[in-house]
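In: below are the sequence and a predicted model for it; my questions follow.
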Amino acid sequence: METAPDGYLWIEKYANSLTAETSFLTYPVGVKVSYMGSDKTTAAISWSNADSRSAAILLEMSNDGENFTQIDSFPAASTFRSVKGLDTKKVYYFRLRTTDGTRYSNYSATVSINQPEGTLPGGGTPAGTTTFVPEAGRLYRIICYASKYYNSGADFSGPAQYLCPGTASGMSTLSTATAFDWQDPSLLWTISQDPADPTRYHLRTYARHLNIAPTATNDYITLDSTLTNSYQITHAGDFAASQSGTGTLAFYRINTPDNNNFQIRGKSGTQWIWGSGTIARADMVFTFQPIDASLIGLFTKKLKGKVDEAEALLSTVTTGTGTLQYPEDARDMLVAAIEEADAYLANYKLLKATQHQIDSVEAALTVCLTQFANQQNRSWGECDTTRYYAIYSYGTASNSGTTAASSSTARRYLADYGDKLVFRVGLTDAEASHDTLLATPHAQWLCYPDTLNAGTFGMKNVATGRWLNIETSGVSATPTTVYPVYNNTDNGKYAFALYVSPSNNRSLSIGTADADGLGGVLQPFTGTANRTRLRWVIDAVGEASATGIRQIPTTPDRPRDEYWYTLQGIRVTNPAHGVFIHRGKAIILP
């Protein structure tokens, strides 16, 4: 057995390392919370302490899941604690950490208890409440349960649809949402009676303090922070809302005395208008679900979710000019936007941020993500002017609705035969090494970028010298351009729709095969669709032949590695006959 310099056996040192404690404290694990007693005013919290070095365990509590206060400390051996005096109308969050008197562990998992009124989806005003009276210290969700909109057949069997701010035609408008999060302030309203007239009510969105405009703009009810108008809330009857979770509820019309006493009515989930004012149909009446305002804190979940989305995207990003790659500066801008949002999340309490400011940061990151996505190169980015290419599709018929390529599908190659662009049926990917079409000049293309129009290319047939012409679904004697746009990944290879240009979305499609099944003509297609017959792989199949190389245009802006040299190292512009060095290889031009 070998001995370490300190005299211990190496095997002993290894064994000791397996049981050595880490330099940081571990937090309590397996945290659980439950009620003690039937009145639900006492919580029982249990856990396991995973660190023998801790001197004490600290218990913290919160009512909003954001702002915690330490409420107790106890010996490290403890595994249980009760908290008395809970208010059944509040939500309680608990977390723990350990300390050795100097250091502190990270926090344990957070657990919560209580589901008071308003923390569950659905609900509404109890049946029989003929006069709606808003309570002090309450926020409200205004809920519609219509099964359909703008239809005499609307009933109360629809899901809970919460009135909230939306956007239409560049305006802030009245809309609805069905996704429920009881802490989401965009679903909440402050409702108060007008001191001068208790039959009228002020309605304002909680998150942004927007008020309902009494008149419609372009068939939308708009929202504005400067308005102070008040409205009537009139009992329309009690109706059974099957998806409310509580059965029969009281429903109300919301009328505007300032606009012919019209009422709010739905034209769609995102379009609400002022309409006839005395109808109690499901898409024109509402019920109110209250929640204790003290339970609602600043809502950061959407911003955190957007940061997670941005970080997930960033982890997949590659920079460069290739297909689906991004410019380096675009990536840098995204990184900066993520860092800014992360910093805001870490400091918004110190900054005393408002909900509107938090929402603005989330909106700014959303805009940045959109701008970033728009900079992704979706055109073909792998063009090499000294290679020749096979261009093929896995589409099988002109009317095929197939959206995913199969490894057992034979390739359909673009080829120029008899003054006509056709497709020729080759072999499958697994048989590609035996596919004679790959070595057929009529099915080989030289490609070069159009230096005046980014993302477009000229594609010239090796055998005929004619150019691929998407406009005619054929070939032409004079140069034309092709605009390849990424459509999908087929059998692990980028596949493109082949358009005429960025402004002309006529593309190329597989046509019907001839009776012999060996190939057929191509068909035009206008628009974009996820179909294998409309997608083409542009696959490099070898170095260009000497004849092909001479056909490649020579331009002053070609990269340095495109130059030709004599055996003496002298660069030549238009190589003719002889032996030349090109891309590090000796090439004979006959």
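Out: Sure, I can see it.

In: helix, strand, or coil at Leu438?
Out: In three-state terms, and counting by DSSP: H, G, I helix; E, B strand; the rest coil, Leu438 is helix.

In: ok, now which ones touch it?
Out: Ala390, Gly426, Ala432, Val541 (Cβ atoms under 8 Å, 6 or more residues apart in numbering). Glycine gets a C-beta too; all of them are placed from N, C-alpha and C.

In: now the two most distant members of the residues you listed.
Out: Spatial extent of the contacts of Leu438 (Cβ to Cβ) is set by the pair Gly426 and Val541 at 11.5 Å.

In: give me the more crowded residue out of those two.
Out: Gly426 (23 against 16; other Cβ atoms under 10 Å).

In: show me the contacts for the more buried one.
Out: Neighbour list for Gly426: Tyr392, Ala410, Arg411, Arg412, Tyr413, Asp435, Leu437, Leu438 [criterion: Cβ under 8 Å, 6+ apart].

In: so what sits opposite the fifth one in the bridge?
Out: Right, Tyr413. Tyr392, Arg424 (DSSP bridges).

In: quick one: pLDDT of it?
Out: Note on Tyr413: pLDDT of 97.

In: is it in contact with Ile391, as I believe?
Out: Yes - applying Cβ atoms under 8 Å as the test, Tyr413 and Ile391 come out as touching, 6.9 Å apart.

In: now the helices for this structure?
Out: In the chain, the helices defined using DSSP state H lie at 10-19, 301-314, 328-347, 355-374, 546-551.

In: reformat those as a markdown table; add mean neighbour count, mean pLDDT and distance to Gly492.
Out: What follows is the helices of the chain, written out as a markdown table (neighbours: other Cβ atoms under 10 Å; pLDDT from 0 to 100; distance: least, Cβ to Cβ, whole Å):
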| stretch | mean neighbour count | mean pLDDT | distance to Gly492 |
| --- | --- | --- | --- |
| helix 10-19 | 10 | 52 | 43 |
| helix 301-314 | 16 | 94 | 22 |
| helix 328-347 | 15 | 93 | 25 |
| helix 355-374 | 16 | 94 | 23 |
| helix 546-551 | 16 | 41 | 27 |
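
In: looking at these, which is closest to Ile233?
Out: Of these, nearest to Ile233 by Cβ to Cβ is helix 355-374, at 25.2 Å.

In: which residues touch that closest one?
Out: So helix 355-374 is in contact with 185, 207-208, 298-300, 302-303, 306-307, 309-310, 313, 326, 330, 333-334, 337-338, 340-341, 344, 348, 351, going by Cβ under 8 Å, 6+ apart.

In: now do 6 Å
Out: Here helix 355-374 makes contact (Cβ atoms under 6 Å, 6 or more residues apart in numbering) with 185, 207-208, 298, 302-303, 306, 310, 330, 334, 337, 341, 344.

In: spatially central residue in the chain, please.
Out: Central residue of the chain (Cα atoms, centre = their mean): Glu309, 6.5 Å from the mean position.

In: spatially nearest residue to it, not counting backbone neighbours?
Out: Leu369 (7.1 Å; Cβ to Cβ, 6 or more residues apart in numbering).

In: also Thr287?
Out: Using Cβ to Cβ, 6+ apart, the closest residue to Thr287 is Gly124 (3.2 Å).

In: hmm, back to that, got a markdown table for the helices of the chain, with distance to Leu227 too?
Out: Listed next are those as a markdown table, based on distance: least, Cβ to Cβ, whole Å:
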| stretch | distance to Leu227 |
| --- | --- |
| helix 10-19 | 69 |
| helix 301-314 | 26 |
| helix 328-347 | 30 |
| helix 355-374 | 17 |
| helix 546-551 | 70 |
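
In: from Ala43, how far off is the residue nearest to Thr287?
Out: 29 Å (Cβ to Cβ, to the nearest Å).

In: okay, those two: which has more neighbours?
Out: Between Gly124 and Ala43, counted using other Cβ under 10 Å, the more crowded position is Gly124 (27 against 22).

In: for that one, phi and psi?
Out: Backbone torsions of Gly124, given as degrees, to the nearest 10, read phi 160, psi -170.

In: TSV please, covering the contacts of Gly426 and showing distance to Thr234.
Out: TSV is the format used below for the contacts of Gly426 (distance: Cβ to Cβ, whole Å):
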residue	distance to Thr234
Tyr392	68
Ala410	70
Arg411	70
Arg412	67
Tyr413	72
Asp435	77
Leu437	77
Leu438	77
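
In: of the residues you listed - the most surrounded one?
Out: Most surrounded of those: other Cβ under 10 Å gives Tyr392, at 29 neighbours.

In: you'd agree that one is up against Tyr413?
Out: Yes - with contacts counted by Cβ atoms under 6 Å, Tyr392 reaches Tyr413, the gap being 4.6 Å.

In: tally of neighbours for the spatially closest residue to Ala43 that is not a sequence neighbour?
Out: Counting by Cβ to Cβ, 6+ apart, Ala43 lies nearest to Val83, which is 4.7 Å off, once chain neighbours are set aside. Val83 has 19 neighbouring residues, counting by other Cβ under 10 Å.

In: check Val83 and give its pLDDT.
Out: With respect to pLDDT, Val83 scores 95.

In: what's the answer for the one 5 residues further on, then?
Out: With respect to pLDDT, Thr88 has a value of 86.

In: over to Ser38?
Out: 86.

In: what's the neighbour count on it?
Out: If we define neighbours as other Cβ under 10 Å, then Ser38 has 6 of them.

In: tell me the contacts of it?
Out: Here Ser38 is in contact with no residue (Cβ under 6 Å, 6+ apart).

In: can you list phi and psi of it for me?
Out: phi -80, psi -20.

In: ok, it to Ser192 distance?
Out: Distance, Ser38 to Ser192, using Cβ to Cβ: 37 Å.

In: now do Glu117
Out: For Glu117, the distance to Ser192 - Cβ to Cβ - is 19 Å.

In: where's Arg208 relative to Ile221, distance?
Out: On the measure of Cβ to Cβ, Arg208 and Ile221 end up 16 Å apart.

In: the more surrounded of the two?
Out: Ile221 (25 against 16).

In: how much space separates the residue nearest to that one when sequence neighbours are not counted from Tyr392?
Out: Spatially, and ignoring its direct neighbours in sequence, Ile221 is nearest to Leu174 (4.2 Å; Cβ to Cβ, 6+ apart). Leu174 is 53 Å from Tyr392, where distance means Cβ to Cβ.

In: Ala364 too?
Out: 44 Å.

In: of the contacts of helix 355-374, closest to Asp72?
Out: Nearest member of these to Asp72, counting by Cβ to Cβ, is Leu298, at 26.0 Å.

In: for the closest one, what are its contacts?
Out: Here Leu298 is in contact with Gln355 (Cβ under 6 Å, 6+ apart).

In: also Leu223?
Out: Pro165, Ser172, Leu210.

In: quick one, which of these are buried?
Out: Taking 16 or more other Cβ atoms under 10 Å as the criterion, what is buried in these is Pro165, Ser172, Leu210.

In: which residues does the spatially closest residue to the second one that is not a sequence neighbour bridge with?
Out: Same thing as Ser172. Leaving aside its sequence neighbours, Ser172 sits nearest to Leu223 (Cβ to Cβ, 6+ apart; 4.6 Å). For Leu223, the beta-bridge assignment (DSSP bridges) gives partners Ile212.
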